[in-house]
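Engineer: need the 3D shape of this:
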Amino acid sequence: MKLALLISMVAAGCLCGVEVDVRVNGKLTCKGSFDYRVKLWEEDKSNHDFLDEDKARGATDEGYYSVFGKAYDGWFESHVEPFMTIEHTCGTSHPVCFCYFFPQTSTQIATTKNINLQRHKYTRCAGCDQAEAITYEQTKNEKAAFADEP
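Structural biologist: Residues are numbered from 1 along each chain as shown. Take a look at the predicted model:
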């Protein structure tokens, strides 16, 4: 009887998952004018969970961002894997994307992350494909809405 109770408690603990608040503020710097989109995600094996976005057009020398979301992982997970994608036009006419990964955690994240877009060492990741697909859809919808205005 005690063994069955112990097994059910362990199984319930493993199945319930974890939910973590993630808040990131920061500054992006670039000499000159640039556009940017900062997206916050929770990493999954295939399709990442989109949490939040901050964006600006025509920032000059620096742009400030703030993203927040509740990262959730379930089914035998004891931590979340938050990351950000940063799409920008610093030093280029065509947007580029890179990723910043936070350490796996089961506790709240509230941090500041400042990034010099001309001198960073971050690289593109698979999350950039999903981020760019969302950006494409948003841009298409914004253009359509603008075309419908009198």
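
Engineer: neighbours of Ser106, how many?
Structural biologist: By the criterion of other CB atoms under 10 Å, Ser106 has 12 neighbours. Where C-beta positions appear, they are placed from N, C-alpha and C, glycine not excepted.

Engineer: these two touch, right, Ala71 and Pro82?
Structural biologist: Yes: judged on CB atoms under 8 Å, Ala71 makes contact with Pro82 at a distance of 5.2 Å.

Engineer: distance check, the closest residue to Phe98 other than its chain neighbours against Thr85.
Structural biologist: Spatial nearest neighbour of Phe98, excluding adjacent residues (CB to CB, 6 or more residues apart in numbering): Tyr122 at 4.2 Å. To Thr85, Tyr122 is 10 Å away according to CB to CB, to the nearest Å.

Engineer: before we move on, back to that, any residues in contact with both of Ala71 and Pro82?
Structural biologist: Residues touching both Ala71 and Pro82 (CB atoms under 8 Å, 6 or more residues apart in numbering): 20, 22, 42, 51.

Engineer: where does the last one land in three-state SS?
Structural biologist: Spelled out, that is Leu51. strand (DSSP: H, G, I helix; E, B strand; the rest coil).

Engineer: can you pull the contacts of the residue nearest the centre of the chain?
Structural biologist: In the chain, the centroid-proximal residue (CA atoms, centre = their mean) is Leu40; its distance is 1.7 Å. Counting by CB under 8 Å, 6+ apart, Leu40 touches 22, 24, 50-53, 67-69, 82-84.

Engineer: out of these, who has the most neighbours?
Structural biologist: With neighbours taken as other CB under 10 Å, the top of the contacts of Leu40 is Met84, carrying 27 neighbours.

Engineer: what about Tyr72, how many neighbours?
Structural biologist: 14.

Engineer: check His88 too.
Structural biologist: When neighbours are counted by other CB under 10 Å, His88 comes out with 22.

Engineer: and it, how far from Lys55?
Structural biologist: Distance from His88 to Lys55, by CB to CB: 10 Å.

Engineer: kindly list the main-chain dihedrals of the residue nearest to Phe98?
Structural biologist: phi -80, psi 160 (degrees, to the nearest 10).

Engineer: ok, it - contacts?
Structural biologist: 86, 98-100, 115.

Engineer: now with 7 Å, please.
Structural biologist: Residues counted as contacts of Tyr122 (CB atoms under 7 Å, 6 or more residues apart in numbering) are 98-100.
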